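Colleague: Show me how the following folds:
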Amino acid sequence: MPAHTHVQHGWTPPTEEELGLARWEDDGAPLPTPSLSATAREAEWLRVGAELTARIPELADRRDVVVSCLPRTRAGAKALFIPDLAAMEVATSVFSPLRPAEISPARAGDEEKYPAAWGAVVHEAAHAAHTRWTPPSALHGSAVDAAGALLEESRAEAAHLDRRPHDRRWLRACVARLVMPDFPTYTPPTRWAAAYAAGLILARRDAGILDDDETQALNEAVSNILGSDLLATLGGIWQAAHKTADTDGDAMLDHARAWCNALGQDPNQPAPNLGKAPKEETGGHSESGSSGPASGEGLEKVVGRVVRRVAANEAAVAAATVAAEAAQQARAEAKKAQAAHKKQAANMAKKVFAPDQTTPYVPGEDGEGLAALGYSPPSPLAGTRSPLATEKSAAGQLARALRNAAHRERVTTQTSSASPPGRLNMRGALARDAQAAAGATPTARPWRRTHHRNVPSPPLRVGIAVDVSGSMQAAEGPIASAAWILARATALTDPDSRVAAVAFDLGITAINAPGRASGQVTKFQATGIGHSLAEALDILDAGVDLTRPGAARLAVIASDGHYGKRTRQQAAERIAALRKSGCAVLWLTFAPRNLDRLEGPLPGATHVELTNPADAVAAISKAATTALTAAP
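Modeller: Below you'll find the model as predicted:
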């Protein structure tokens, strides 16, 4: 862009390709037939141009601009805008290395694949929206014309950012990857060239596109060539241009003439060539007495340093953006997975607690396999019995302990007032008297009152999972007793308390559906195989809302923990999720054995060993109280 004029005023001359086609027509010969691949490629670029055209209204607030993607624009720039034709041309090379079939501007967010090319489109859209003045044709090619075009670059972008500040990242990408890499080379640098670099890059700093730290090296290099006073004068000119209205062409020409005069250049003479230094300026004359950039490197190398700095910053921002988007997507996927998991748990709970469910429910692939074979595992339930007196007493004692564990202390608040009731604070009273004596409106509030408000204890939600696999056969009696005591104690704590209990091996069997506890003790036959503890906890959560705040919640697991590695990992994840939600977890073991690394309670649960639950109610009470009070 900087080496070419990319706002073309007036009718542009025909291109060589157009002239060639015209000669073919004049000769009467048939037009050359393009290859199929060339035809398909041209069709794709036509589609890309049409889709870019559809995006221009949102960028330029205009609906008459037509975008064309061409191998080469009319002026040779990477992109250009022709106001008289309301036409925008974009060189296909700016999309490299993407093929046209990979470019779909109609899809929102597709511009992330080609930020520099999209930045070029945004830049030209800025011209379409804000470059509403045209220099007189008599000034074409003059120094004032070149200066006006240079000042218009950053002015149009500054005006665009006022309207669409979120397009800054695209303009930065365009400047770093297309504008500055196309910077002309010259050795040694001339004053006009140094001023051109300042107006091209430092002006974009003041427009809010580039940052101070990114352009510091160029600022120093240009200051060494022009002198700090001249650079400050030029900065004042482009800053004034940034405040000029879109249609005020006279003011822009005045700024351009001031630019030429500051550099000692005749505004009406042709603009100096950026690529070759005039003899009288050879040596890089500087008002400050320096002969060029402090390091002796060419100005184009300093621009290269700016490019690398901007690219590094953009890469860091892009990486942070990608990380943030990935984290957001991960959260969305996790939320979606959690919702699906809860829905699955609700479906399992519906099957397990269904009144007509007489056989264990086997979750997952194991259940599908058994169903395909037409086999239903036997129920581990072996009837019921009446509770013993010791079990009833234990349930009453545990109910009181659970009620105390869920108890909430009174909330105390203090209020102040200008009048009784309450306790008089002498400092406040003296302050109030002093305010009144001074003729001011008294604002002191010397009376303080303490309010105590009882907070109702929340109801209990208790889920009980008992292991009925073969390794628990010796603990059938204690299992039945512990499950009934816990369920009955929960029912006695509060009318709104709810409890649910299941037995698990490979399958899951309902002992107590969500609601009130049964008056009878359920007996078990622990002869099952496998373990579905993770699914059992999911079902209990769906049944009595163990992970939902608003109640004191307790999950109780009665098992020896003799599981496989995968089962332990899945169950540990469920226990961690329960703990994170504020649900306490209590783990009961019976008749301790020589445990290896795949046996025993899982981390996160409060552990208590029992032999006879009715005799060890104190241990259960203490453990349950500890678990409930320690829950987050």
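Colleague: wouldn't Thr527 be in contact with Ala474 here?
Modeller: No. Using Cβ atoms under 8 Å, Thr527 is not in contact with Ala474; the gap is 12.0 Å. For the C-beta atoms, the positions are set from N, CA and C on the backbone; glycine is no exception.
Colleague: what number of residues lie near the closest residue in space to Gly507 that isn't next to it in sequence?
Modeller: Among residues not flanking Gly507 along the chain, Pro360 sits closest, at 2.8 Å (Cβ to Cβ, 6 or more residues apart in numbering). Other residues lying near Pro360 total 27 when counted by other Cβ atoms under 10 Å.
Colleague: tell me the pLDDT at Pro360?
Modeller: Pro360 carries a pLDDT value of 90.
Colleague: Who are the contact partners of it?
Modeller: Residues near Pro360 by Cβ atoms under 8 Å, 6 or more residues apart in numbering: Ser376, Pro377, Pro378, Ser379, Pro380, Ala503, Asp505, Leu506, Gly507, Ile508, Thr509.
Colleague: quick check: domain ranges of the protein?
Modeller: Using automatic domain parsing, the domain ranges for the chain come out as 1-100, 131-320, 353-404+457-630, 411-453.
Colleague: So for stretch 124-136, mean pLDDT?
Modeller: Averaged across stretch 124-136, pLDDT comes to 94.
Colleague: Report the buried residues of it.
Modeller: The neighbour-count check on stretch 124-136 (16 or more other Cβ atoms under 10 Å) flags Glu124, Ala125, Ala126, His127, Ala128, Ala129, His130, Thr131, Trp133, Pro135 as buried.
Colleague: Return the member of these nearest to Pro387.
Modeller: Nearest to Pro387 out of the buried residues of stretch 124-136 is Ala125 (Cβ to Cβ; 80.7 Å).
Colleague: After the lowest-mean-pLDDT helix or strand in the chain, which helix or strand is next? Please name it.
Modeller: Lowest by mean pLDDT, DSSP states H and E among the helices and strands of the chain is helix 16-27, with a mean of 56. Counting by DSSP states H and E, the next helix or strand C-terminal to helix 16-27 is helix 36-60.
Colleague: Could I get the average pLDDT for that next one?
Modeller: For helix 36-60, mean pLDDT rounds to 92.
Colleague: how far is that helix from where the chain is centred?
Modeller: Put simply, helix 36-60 sits 31 Å off its chain's centre (Cα atoms, centre = their mean, to the nearest Å).
Colleague: which parts of that helix are buried?
Modeller: In helix 36-60, counting by 16+ other Cβ under 10 Å, buried: 41, 44-45, 47-49, 51-53, 55-56, 59-60.
Colleague: which strands and helices sit next to that helix?
Modeller: When contacts are defined as 3 or more Cβ pairs under 8 Å, 6 or more residues apart in numbering; DSSP states H and E, helix 36-60 sits against strand 66-70, strand 87-91, helix 115-130.
Colleague: and the angle for the last one with strand 87-91?
Modeller: For helix 115-130 against strand 87-91, the angle by axes from the mean of the first three to the mean of the last three Cα atoms, to 10 degrees is 160 degrees.
Colleague: got it, and the first one?
Modeller: For strand 66-70 against strand 87-91, the angle by the same axes, to 10 degrees is 20 degrees.
Colleague: Distance from strand 66-70 to the middle of the chain?
Modeller: 34 Å.
Colleague: can you check the second one too?
Modeller: Relative to its parent chain, strand 87-91 has a centroid offset of 34 Å by Cα atoms, centre = their mean.
Colleague: So for it, mean pLDDT?
Modeller: Strand 87-91 comes out at a mean pLDDT of 95.
Colleague: Let me have the buried residues of helix 36-60 in TSV, extended by distance to Leu263.
Modeller: Shown next, in TSV, are the buried residues of helix 36-60 (distance: Cβ to Cβ, whole Å):
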residue	distance to Leu263
Arg41	45
Glu44	46
Trp45	41
Arg47	46
Val48	41
Gly49	39
Glu51	43
Leu52	38
Thr53	40
Arg55	39
Ile56	36
Leu59	34
Ala60	33
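Colleague: what's the farthest-apart pair in those residues?
Modeller: Counting by Cβ to Cβ, the most remote pair of the buried residues of helix 36-60 is Arg41 and Ala60, 27.5 Å apart.
Colleague: Longest helix of this structure, counting residues only.
Modeller: Ranked by residue count under DSSP state H, the longest helix found in the chain is helix 299-352.
Colleague: So which elements touch that helix?
Modeller: Taking 3+ Cβ pairs under 8 Å, 6+ apart as contact, the helices and strands that helix 299-352 lies on are helix 168-174, helix 191-197, helix 212-226, strand 508-515, helix 533-544.
Colleague: What sits closest to Lys392 if chain neighbours are left out?
Modeller: Closest to Lys392 by Cβ to Cβ, 6+ apart is Arg488, at 7.7 Å.
Colleague: Kindly apply the preceding question to Pro549 instead.
Modeller: Among residues not flanking Pro549 along the chain, Gly582 sits closest, at 6.1 Å (Cβ to Cβ, 6+ apart).
Colleague: Now do the one you found: how many residues are near it, please.
Modeller: Gly582 has 16 nearby residues by other Cβ under 10 Å.
Colleague: cool, Val462 as well?
Modeller: When neighbours are defined as other Cβ under 10 Å, Val462 has 31 of them.
Colleague: tell me the contacts of it?
Modeller: Val462 neighbours (Cβ under 8 Å, 6+ apart): Leu486, Ala487, Thr490, Ser497, Arg498, Val499, Ala500, Val544, Arg553, Leu554, Ala555, Val556.
Colleague: Reduced to three states, what does Arg553 come out as?
Modeller: strand (DSSP: H, G, I helix; E, B strand; the rest coil).
Colleague: Thr413 now?
Modeller: Secondary structure, three-state DSSP: Thr413 is strand.
Colleague: Pull up the gap between it and Thr450, please.
Modeller: Here Thr413 is placed at a distance of 8 Å from Thr450 (Cβ to Cβ, to the nearest Å).
Colleague: what do you get for Ser518?
Modeller: With Cβ to Cβ as the criterion, Ser518 and Thr450 are 47 Å apart.
Colleague: could you give the angle of whichever strand or helix holds Gly148 to helix 115-130?
Modeller: Assigned by DSSP H and E, Gly148 falls within helix 143-163. Inter-element angle recorded for helix 143-163 and helix 115-130: 100 degrees (by the same axes, to 10 degrees).
Colleague: and helix 143-163, how far out from the chain's middle?
Modeller: Relative to its chain's centre, helix 143-163 lies at 35 Å (Cα atoms, centre = their mean).
Colleague: Quick one: mean pLDDT over that helix.
Modeller: On average, the pLDDT along helix 143-163 is 95.
Colleague: Now it: buried residues?
Modeller: In helix 143-163, counting by 16+ other Cβ under 10 Å, buried: 143-161.
Colleague: and what of stretch 436-450?
Modeller: By neighbour count on 16+ other Cβ under 10 Å, the buried set for stretch 436-450 is Ala444, Arg445, Pro446, Trp447.
Colleague: Give me the contacts around that stretch.
Modeller: By Cβ under 8 Å, 6+ apart, stretch 436-450 touches 412-429, 431-432, 435.
Colleague: In strands, which of the residues you listed fall?
Modeller: If you go by DSSP state E, these have Thr412, Thr413, Gln414, Thr415, Ser416, Ser417, Arg423, Leu424 in strands.
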